[in-house]
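*Asks:* Sharing a sequence plus its predicted fold:
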Amino acid sequence: MTLIRSKAPLRIGLAGGGTDVSPYSDIFGGAILNATINLYAHASIDDNVDNEIIFKIENRNIEFRYPVKDYLEPGEGMELITGVYNRIMKEFRLVPRPFNLSVCLDAPPGSGLGSSSTFVVAVLGAFTEWFHLPLGEYDIAWLACDIERNDLGMAGGKQDQYAATFGGINFMEFFNHNKVIVNPLRIKDQILNELSNNIVLYYTETSRLSSEIIKIQQKNVKERVTESVEAMHKLKELAVSMKEAVLTGKLDSIGELLDLSWKYKKMMAGGITNPGIDRIYEAAIKAGATGGKISGAGGGGYMFFYCPGNTRYKVIRTLEQFGGYEQKYEFTKRGLETWTI
């Protein structure tokens, strides 16, 4: 029996988040600095002897069974998987065959770490290996974007799919006509180690529907809401500044850059913050963090804070009162990986 496996890493958006979302990226061009971490979306495919197609989401205990066809109706919770399957069957004119697909996420949905898009990349990677599809890194990332944004009509940006596919710390540029350039950064190990030591990742024990926040952000750009658009311009500039700080090892400036990013991020759209998030942020700053922000579109999920020196320990103890928890992680240099057993 053939067994196919894939895994794709989740990411932390260090700067520029939101500028990868159309129509802003189409009109003005976007720029983002992000870094993948060792939390993953996993997918496994093996032969099915019962002449069925079976999809399982292991961490949610969801299972759907389908007849062997080239188009599958999406059941509740299976929209992403069936979206990938239906697209590749149509795109590459494949002959359907029975198989089992099991998937699992190391982080909860709505976490702000790009989990949905990373999930799509992992599933697409497994299918690419299974069907021997002629897809390179840019092809997989673009196809994952197109499936989510156009086939499934999900609001969002483009950074997550490219981060999950390429991995590492990347400065990404987004242009009109779906043009994306991924610039991998060569960061010394001692800088990466210090970054992972000083950036505390905190889960608020809440989730959010990012698409609703993103729709407001898109509306603000379309209507040229000055505060929102100017804030996004500033976020793009801060992505460049953050890239320079990381490359040159000027890590003490990262907290200040994150603090500025959080200030401008809140101006993009309503719903990005709330009183609970504000209290967490203020407590972390009082405990010694020099800056931070919410991960992803906002409204809940993960937050992260830059804690210079040994302040991380006091910050972690302080945040315990809010009912969330510190998420252990390390940065990873590898993106999507697939293999056959």
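*Replies:* Good, I have the coordinates. None of the values given here were measured: they were computed from a predicted structure. Numbering: from 1, shown residues only.

*Asks:* Only C-alpha atoms from now on, for both contacts and neighbour counts.
*Replies:* Noted.

*Asks:* how about the nearest residue to T128, chain neighbours excluded?
*Replies:* Closest residue in space to T128, ignoring its immediate chain neighbours: L135 at 7.1 Å, by C-alpha to C-alpha, 6 or more residues apart in numbering.

*Asks:* Am I right that that neighbour is in a helix?
*Replies:* No - assignment of L135 by DSSP: H, G, I helix; E, B strand; the rest coil gives coil, placing it outside any helix.

*Asks:* how far away is it from I88?
*Replies:* 11 Å (C-alpha to C-alpha, to the nearest Å).

*Asks:* Buried by neighbour count: which residues of stretch 8-21 qualify?
*Replies:* For stretch 8-21, the neighbour count (16 or more other C-alpha atoms under 10 Å) marks 8-21 as buried.

*Asks:* What is the nearest of those residues to T204?
*Replies:* Ranked by distance to T204 (C-alpha to C-alpha), those are led by I12 at 15.1 Å.

*Asks:* where does that closest one land in three-state SS?
*Replies:* I12 ends up strand, using three-state DSSP.

*Asks:* Can you give me the pLDDT of it?
*Replies:* On the pLDDT scale, I12 is placed at 96.

*Asks:* can you give me the helices in this structure?
*Replies:* Using DSSP state H, the helices of the chain run over residues 24-27, 79-92, 115-131, 137-146, 159-166, 189-198, 210-222, 226-248, 254-265, 275-286, 312-319.

*Asks:* I'd like to check the angle between the second one and helix 115-131, please.
*Replies:* Taking axes from the mean of the first three to the mean of the last three C-alpha atoms, to 10 degrees, one finds that helix 79-92 is oriented at 40 degrees with respect to helix 115-131.

*Asks:* From W142, how far off is H177?
*Replies:* 11 Å.

*Asks:* so N183 bridges to which residues?
*Replies:* Here N183 sits in beta bridges with F171, going by DSSP bridges.

*Asks:* just to revisit the earlier point, more crowded one of L135 and I88?
*Replies:* Remark: of L135 and I88, I88 carries more neighbours, 20 against 14, as counted by other C-alpha atoms under 10 Å.

*Asks:* Who's the closest spatial neighbour of the more buried one, skipping the chain neighbours?
*Replies:* Using C-alpha to C-alpha, 6+ apart and skipping residues adjacent in sequence, the residue nearest I88 is L94, 7.6 Å away.

*Asks:* and the one you found, how many neighbours does it have?
*Replies:* L94: 11 surrounding residues under other C-alpha under 10 Å.
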